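1. Predicted model follows, preceded by the sequence.
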Amino acid sequence: MSNLSKDQELTIKTFPLSIAEAGQVTLPQEVLDSLQVSPENSLLLLQIGELVLLVPRQPQVSSLADCFVSLMNTSQVSLGDLLEGLQEERQTIWEESQHRD
Amino acid sequence: MIRVFLDSSALIAACGSASGASHAVIVMAEIGLFKVVISEQVVDECERNLMKKLPKALPVFRQIISTIAPEILPNPSTTEIEQWVAIIEPKDAPILPAAVVGQVNRLLTLNTKNFTPEVSAQSGLLIQTPSEFIQQIRALINKELSE
């Protein structure tokens, strides 16, 4: 039954950057090449807690989640309500499977 | 690429809170840091739940799923599920064989009551909360930076 998951290594490269007076930074050519971007393109700086990522495109899930949260607020449904509902659905699916067999 | 199985609790939390660790997980998945894996049952649970409690959000949920493009695993057979009933609450048993067959590197869930360290040890699956996973990524990066 045991199937121990293997932990894969993340490839992490570090590039020291200097910040100019106006907050500008110069990205190394290696980074620009690997992201396949040129000086005319724009990048997105994504901050997750203390973690900062520079990505070549705008993630869509955050704006979708904002929309989802807005619908929750409008309907006065909390995340707790939804999580509780999931447990009920899991129980229902289990019971349905028992009746099928 | 690292394969991360999202239980339905983590998936719904990712949709329903843009500031939580679960959401950070799907953002990082969208930008390609790892592959999200779910099972048909996870989708079914979320959609049934939304149909009852927040039907207007169902199209948004489906858009989120489409955006993170998860690998959706078929549900395990009854025989496969039966092997796991002894180590976890029966209703949660279908999730374990799906994650094992999917050869995921982690199973992320908010249900720490049933997905315990004992379940992790017996299944061989690395089970974490999304918050633990994010903390591990930070620790990994800090370690790399300090070397």
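-> Structure's in. What do you need?
2. Going by C-alpha atoms from here, please, whenever you check contacts or count neighbours.
-> Noted.
3. all strands for the chain, in order.
-> By default, I'm working from chain A. Along chain A, counting by DSSP state E, strands occupy A:44-48, A:51-55.
4. My question was about chain B, not that one.
-> With strands called from DSSP E, chain B shows them at B:3-6, B:35-39, B:71-73, B:106-108, B:127-128.
5. Partner strands of the fourth one and their direction?
-> Applying DSSP bridges to the sheet, strand B:106-108 is found paired with strand B:3-6 (parallel), strand B:127-128 (parallel).
6. which residues are contacting that strand?
-> By Cα atoms under 8 Å, 6 or more residues apart in numbering or on different chains, the surrounding residues in contact with strand B:106-108 are A:5, B:3-7, B:10, B:99, B:125-130, B:133.
7. now, among the residues you listed, which is nearest to A:Ser18?
-> Set against A:Ser18, the nearest of those by Cα to Cα is B:Phe133 (30.2 Å).
8. Now the closest one. Nearest residue, chain neighbours left out?
-> B:Leu108 (7.8 Å; Cα to Cα, 6 or more residues apart in numbering or on different chains).
9. one step back: and the strands of chain B: which comes nearest A:Pro59?
-> strand B:35-39 (14.8 Å).
10. Go ahead and produce PDB holding the CA coordinates of the closest one.
-> What follows is strand B:35-39 as a C-alpha-only set of coordinates in PDB (Å, rounded to 0.1, in the frame of the first residue of the first chain):
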ATOM      1  CA  LYS B  35       1.300  21.000 -11.500                       C
ATOM      2  CA  VAL B  36      -2.000  20.800  -9.700                       C
ATOM      3  CA  VAL B  37      -3.600  17.400  -9.600                       C
ATOM      4  CA  ILE B  38      -7.100  16.700  -8.500                       C
ATOM      5  CA  SER B  39      -9.600  13.800  -8.900                       C
END
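11. Can you spell out which helices and strands pack onto it?
-> Applying 3 or more Cα pairs under 8 Å, 6 or more residues apart in numbering or on different chains; DSSP states H and E, we find strand B:35-39 packed against strand B:3-6, helix B:21-30, strand B:71-73, helix B:95-101.
12. State the distance from B:Asn105 to A:Leu79.
-> B:Asn105 is 27 Å from A:Leu79, where distance means Cα to Cα, to the nearest Å.
13. Name the residue in these two with the higher neighbour count.
-> B:Asn105 (21 against 18; other Cα atoms under 10 Å in any protein chain shown).
14. quick one: the more buried one and chain A, what's the gap?
-> Distance of B:Asn105 to chain A, given as Cα to the nearest Cα, to the nearest Å: 5 Å.
15. Quick check: that residue touching B:Ile127?
-> No - checked against Cα atoms under 8 Å, the pair B:Asn105 and B:Ile127 is beyond contact range at 9.0 Å.
16. Pairing partners for the lowest-mean-pLDDT helix or strand in chain A, with directions?
-> For chain A, using mean pLDDT, DSSP states H and E, the weakest element among its helices and strands is strand A:44-48, scoring a mean of 78. Next to strand A:44-48 in the sheet, as set by DSSP bridges, lie strand A:51-55 (antiparallel).
17. In CSV, could you pull the C-alpha coordinates for the partner strand?
-> The C-alpha trace of strand A:51-55 is given here as CSV (Å, rounded to 0.1, in the frame of the first residue of the first chain):
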residue,chain,number,x,y,z
LEU,A,51,8.5,35.7,-1.4
VAL,A,52,8.8,37.9,-4.5
LEU,A,53,8.6,36.4,-8.0
LEU,A,54,9.0,38.0,-11.3
VAL,A,55,6.8,36.4,-13.9
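18. Let me see the mean pLDDT of that strand.
-> Taken as a whole, strand A:51-55 has an average pLDDT of 80.
19. which other residues reach that strand?
-> With contact meaning Cα under 8 Å, 6+ apart, strand A:51-55 is reached by A:Leu35, A:Leu43, A:Leu44, A:Leu45, A:Leu46, A:Gln47, B:Ile31, B:Arg138.
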